[in-house]
Structures are given as C-alpha cells and as structure tokens.
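Colleague: pasting the structure only:
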C-alpha cells in the first residue's frame with residue numbers, strides 16, 4: 001500500500017460499466033470537460049457574495065476574532081477582545097486579512113461593504129480550492145461526472161453557503177480539512193500527497209485550534225491503513241506549518257506557541273471556558289445535527305448499511321467527522337457552529353456513494369431528477385442551520401449610518417458591544433455606544449452629547465425617547481430604524 005500505484009490513462013468505457021467502490025479510490029481523475037474549470041469558481045463565489053451583500057454575523061467571533069483585529073492592525077484603532085490581550089489567539093488569519101485591507105486602502109476603497117468584499121478574496125479562493133478537492137475526491141470513485149455532482153452537493157450544501165463566506169475559524173478550517181482529505185486519499189505521488197495533506201491539516205489547526213482533533217483522527221486512520229510513507233510525509237508537512245506558527249507567536253506574543261498553549265489551558269485543562277460561557281449536555285447537538293444533515297446524506301447511510309456484507313473500510317473524512325463529533329459530545333461548552341467542520345467532512349464522505357448511486361441509473365431523466373433532488377434537499381438545510389439571528393439588517397444600517405461623512409457619533413439600541421460590527425463596519429474613527437434600554441447610562445449619555453448624531457435601533461426599541469431627544473427617522477432597513485439628529 002505504501003508504494004505509489006502505476007497510473008495509466010483510463011480507457012473509454014460505456015456508461016454502464018461499474019464504478020470504483022466508494023471507499024476504494026481509483027486513479028487520479030481527469031477533467032470531466034469544462035464544467036470544473038468554468039462553473040466551479042462560480043459555485044465557490046456564492047458564499048462570499050452572500051456574506052458581502054447580506055453582512056451580519058453568525059457569531060461575534062466573525063467580527064472580533066478576525067475582521068476587527070485586522071482593522072486594528074491596519075488603522076491603529078479598533079476593539080480588541082480579551083483573547084487579543086491574553087494572547088489566546090494567533091495573528092495568522094487577521095494578518096492575512098489585514099494585508100487585503102491595506103490593498104483596499106491603496107485602491108481607494110473606503111466604504112465598509114467595499115473593503116469587506118476585498119477581504120473576502122482569499123477566503124473565496126480557499127473555498128474554491130476545497131471544492132476542487134471535493135471534485136477530485138469523489139471523481140476517483142464515481143468518475144468525472146460524479147465528481148462534478150459532488151462539487152455541487154458540497155458547494156450548494158446549505159450550511160456551506162451560510163458559513164463558507166464568513167470569517168469564522170470554523171469556516172477557514174473546514175476548507176483546509178477538505179483539501180487535506182483529498183490529498184491524503186491519493187494513491188499516486190504519496191510523498192507530495194502527504195506533504196500537502198499534512199500542511200493542510202496544519203493550517204486547519206492554525207485557523208482553529210480545536211481542529212487538532214481531526215489531525216489526531218487522520219494520523220490514526222493512516223496508521224490503521226498501514227500507509228506509512230504517507231503518514232511520515234503528513235507529519236513532516238504538519239511540522240513545517242507548526243514551526244511557522246511557533247515563529248509567528250514568538251514574533252507577536254514573545255514566546256513560541258504562546259497562543260496554542262494559552263488556548264489549551266483556558267479551554268481544555270482549566271474548565272474556564274465552561275465556567276464563563278456555560279455548559280450543556282450532549283443532547284444539545286441533536287436538533288442542529290438532524291436539521292443540518294441533508295436527506296441525501298441519510299440516503300448514503302442507507303447505501304452503506306446495504307453493503308455491510310462487503311469488505312469496505314470507513315473513508316477518511318467519515319472517520320474524522322465521527323471522531324470529531326464524538327469529542328464534541330463530551331465537551332462541556334457547546335455551540336452550533338462547532339458542528340460545521342464535521343458536517344462538511346460527513347457531507348464529503350456521503351457525496352461519493354450518492355454520486356455512484358445516481359450515475360448507475362440507466363435513464364437520464366432519473367439521473368437528472370435524483371441529482372436535482374439531492375442538491376435541493378442539501379440547499380434547504382440553510383433554513384435551519386445555524387439558527388442564529390444574523391442581524392444582517394443591523395449591520396447594513398450601521399454601514400448606512402456613516403455614509404455621507406456627516407456622522408460624528410453612533411448609538412446602537414437593543415444590542416450589546418459584542419453583537420455590533422465594531423469599527424470595521426463603521427469605517428472611521430468615531431465614538432459609538434451600545435445599550436438595551438432608555439434608562440441605560442450609555443443611552444442617557446448619547447442623548448446629552450450632541451456628538452452622537454446617528455442612532456440605529458432594533459425593532460424600534462426606545463424610538464419615542466430618541467425622537468424626543470431630537471432624532472428623526474431617516475430610513476428603515478429590515479427590522480432596523482436609522483435615525484439622524486441635526
């Protein structure tokens with residue numbers, strides 16, 4: 001198994017010829033026509049376009065662990081969360097985003113939605129790479145057309161459309177994990193495959209430390225499969241990335257691996273994360289899991305049960321997803337977004353048998369119908385996962401409040417500090433406050449201080465009090481009301 005298999009061009013065969021078994025990868029796939037080259041980038045761009053046009057946030061970390069630190073790096077001001085004071089995060093992702101923010105500044109792009117689009121470029125490219133990897137992974141088992149279907153099943157999977165354009169650690173990490181799964185699945189050029197797979201696993205950890213669980217699971221799988229050469233080069237590729245993290249932490253925090261060790265102490269060994277942010281039983285994940293898994297993935301599970309009599313190994317992405325989900329169930333602090341990387345790998349694993357099944361249908365109408373049904377059911381999962389209110393209209397209202405150059409101070413009503421968009425979405429250095437009720441100190445201060453001449457209120461909370469203080473309604477943006485005081 002450790003020696004690379006010889007590769008010969010696949011001969012032309014009739015469509016009815018059986019495809020390789022889903023867990024037995026064939027030779028490296030050839031391009032299935034122009035579809036991957038022309039349409040795959042379009043599918044990959046959809047999450048970025050949604051995130052830029054919609055704005056909002058799945059979780060405060062989307063702003064305060066990525067966008068706001070990057071803005072601070074470029075402009076010298078911003079809101080830094082406690083993690084950036086205690087050194088519990090590394091500067092890899094904010095550093096890259098800061099570079100693209102600087103590029104936007106050089107290009108004269110100063111509107112928040114404009115430079116948010118520029119910041120989306122590296123993430124969109126990473127997501128496109130992951131969809132290309134999904135295509136190759138499934139094409140080995142189901143042929144080029146099966147790979148094309150898999151790229152659609154993964155790329156148009158509802159949670160992917162929601163998450164893949166968001167600047168969350170889970171989003172970056174999931175893309176790197178898909179790349180790693182495809183690389184470690186290769187049977188040719190095993191040294192290169194191991195180096196790439198190890199580097200991608202390393203980057204998945206750099207962008208999100210809990211993804212170290214996937215690394216351990218992948219190494220165990222390679223050892224169990226006795227793919228020793230791939231395992232060795234995977235460790236080498238990961239070690240190179242780890243060394244880079246050590247250098248980065250030394251340059252930014254003064255000690256190699258400072259952020260990783262601080263993160264482990266806080267979240268794993270001390271129990272502080274559960275004490276500060278709460279803990280939940282394993283049943284917490286039941287509803288989000290079952291609402292996020294598409295029907296065609298359950299169909300893949302049924303196909304797997306039907307083939308239990310055949311000797312087939314568990315695929316690498318399915319194994320990693322199962323191990324990761326099992327660890328999540330035992331972890332005290334739980335959030336829906338934590339499921340996302342495991343869901344993506346599970347969907348990747350399920351796409352292979354589903355593509356084989358659909359391609360085996362004799363009638364073209366049946367193939368097209370089943371493919372459309374699979375894509376549609378996967379797309380529908382976006383309505384249920386995540387269940388978080390994105391507050392997209394609030395972020396659009398904040399951006400609108402600072403247009404025109406006449407805004408000097410902003411009050412955001414019915415929102416807390418960590419739910420707001422930070423200086424990144426204000427786009428300029430100006431005072432801003434958040435509050436919940438008219439009797440809050442921040443609200444009273446803003447009413448007295450005429451510097452605050454813009455206000456945004458969610459669901460019209462404190463609207464009469466704002467109008468009594470001289471504010472007038474300028475625009476309504478969804479559930480938000482934008483007010484101006486002359």
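Modeller: Nice, I can see it. Predicted, not measured: the structure shown is a model, and the values here were computed from it.
Colleague: Is residue 405 inside a helix or a strand, and which specific one?
Modeller: Taking DSSP states H and E as the definition, residue 405 sits outside all helices and strands.
Colleague: Tell me the pLDDT of it.
Modeller: Residue 405 is assigned 77 on the pLDDT scale.
Colleague: same deal with residue 306?
Modeller: For residue 306, the pLDDT comes out at 50.
Colleague: do residue 418 as well
Modeller: Looking at residue 418, its pLDDT is 87.
Colleague: Look up how far residue 412 lies from it.
Modeller: Going from residue 418 to residue 412 by CB to CB, to the nearest Å gives 12 Å. In this view, the C-beta of every residue, glycine as well, is placed from N, C-alpha and C.
Colleague: Name the residue in those two with the higher neighbour count.
Modeller: A count of neighbours by other CB atoms under 10 Å puts residue 412 above the other of residue 418 and residue 412, at 26 against 15.
Colleague: helix/strand/coil for the closest residue to residue 154 other than its chain neighbours?
Modeller: Nearest residue to residue 154 in three dimensions, chain neighbours excluded: residue 134, at 4.5 Å (CB to CB, 6 or more residues apart in numbering). Secondary structure, DSSP: H, G, I helix; E, B strand; the rest coil: residue 134 is helix.
Colleague: what's the neighbour count on residue 134?
Modeller: Neighbourhood size, residue 134 [other CB under 10 Å]: 28.
Colleague: Surely it and residue 351 touch.
Modeller: Yes. Here residue 134 reaches residue 351: they are 7.0 Å apart, a contact under CB atoms under 8 Å.
Colleague: Off-centre distance for the host helix or strand of residue 124?
Modeller: Element membership of residue 124, judged by DSSP H and E, is helix 112-155. Distance of helix 112-155 from its chain centroid, counting by CA atoms, centre = their mean, to the nearest Å, is 12 Å.
Colleague: Following element in sequence after it, please.
Modeller: The helix or strand immediately downstream of helix 112-155 is helix 158-163, counting by DSSP H and E.
Colleague: buried set for the helix or strand containing residue 369?
Modeller: Per DSSP H and E: residue 369 is located in helix 364-380. Within helix 364-380, the residues that count as buried by 16 or more other CB atoms under 10 Å are 367, 370-371, 374-375, 377-379.
Colleague: roughly how far apart are the residue nearest to residue 154 and residue 332?
Modeller: From residue 134 across to residue 332, the span is 33 Å (CB to CB).
Colleague: how does the protein divide into domains?
Modeller: Using automatic domain parsing, the domain parsing of the chain gives 35-383, 392-484.
Colleague: Skip the chain neighbours and tell me the closest residue to residue 471.
Modeller: For residue 471, ignoring the flanking residues on the chain, the nearest one in space by CB to CB, 6+ apart is residue 483 at 3.9 Å.
Colleague: Settle this for me: that neighbour is touching residue 472, isn't it.
Modeller: Yes. Under the criterion of CB under 8 Å, residue 483 makes contact with residue 472 at 6.3 Å.
Colleague: Those two - which one has more neighbours?
Modeller: Higher neighbour count among residue 483 and residue 472: residue 483, with 23 against 10, using other CB under 10 Å.
Colleague: where does that one land in three-state SS?
Modeller: State at residue 483, reduced to three classes by three-state DSSP: strand.
Colleague: again with residue 90
Modeller: In three-state terms, and counting by three-state DSSP, residue 90 is coil.
Colleague: where's the residue nearest to residue 154 relative to residue 57, distance?
Modeller: Using CB to CB, we find residue 134 at a distance of 26 Å from residue 57.
Colleague: With residue 464 instead?
Modeller: For residue 464, the distance to residue 57 - CB to CB - is 29 Å.
Colleague: When the two are compared, which one has more neighbours?
Modeller: Comparing residue 464 with residue 57 by neighbour count (other CB under 10 Å), the higher total belongs to residue 57, at 27 against 9.
Colleague: does the more buried one belong to a helix or a strand, and which?
Modeller: Taking DSSP H and E as the definition, one finds residue 57 inside no helix or strand.
Colleague: How about the contacts made by the residue nearest the centre of the chain?
Modeller: When the chain is reduced to its mean C-alpha position, the nearest residue by CA atoms, centre = their mean turns out to be residue 171, at 1.2 Å. Shown in contact with residue 171 (CB atoms under 8 Å, 6 or more residues apart in numbering): 123, 163-165, 340.
Colleague: wait, is residue 434 part of a helix?
Modeller: No. When classified by three-state DSSP, residue 434 is found to be strand rather than part of a helix.
Colleague: what secondary structure does the residue nearest to it when sequence neighbours are not counted sit in?
Modeller: Counting by CB to CB, 6+ apart, residue 412 is the residue found nearest to residue 434 once chain neighbours are left out, at 4.7 Å. What three-state DSSP gives for residue 412 is strand.
Colleague: Show me what residue 412 bridges to in the sheet.
Modeller: Here residue 412 sits in beta bridges with residue 434, residue 456, as judged by DSSP bridges.
Colleague: That one contacts residue 456, correct?
Modeller: Yes. Using CB under 8 Å, residue 412 makes contact with residue 456 at a distance of 5.2 Å.
Colleague: Which residues are in contact with each of these two?
Modeller: Residues touching both residue 412 and residue 456 (CB under 8 Å, 6+ apart) are 394, 398.
Colleague: contacting residues around residue 216?
Modeller: When contacts are counted by CB under 8 Å, 6+ apart, residue 216 touches residue 323.
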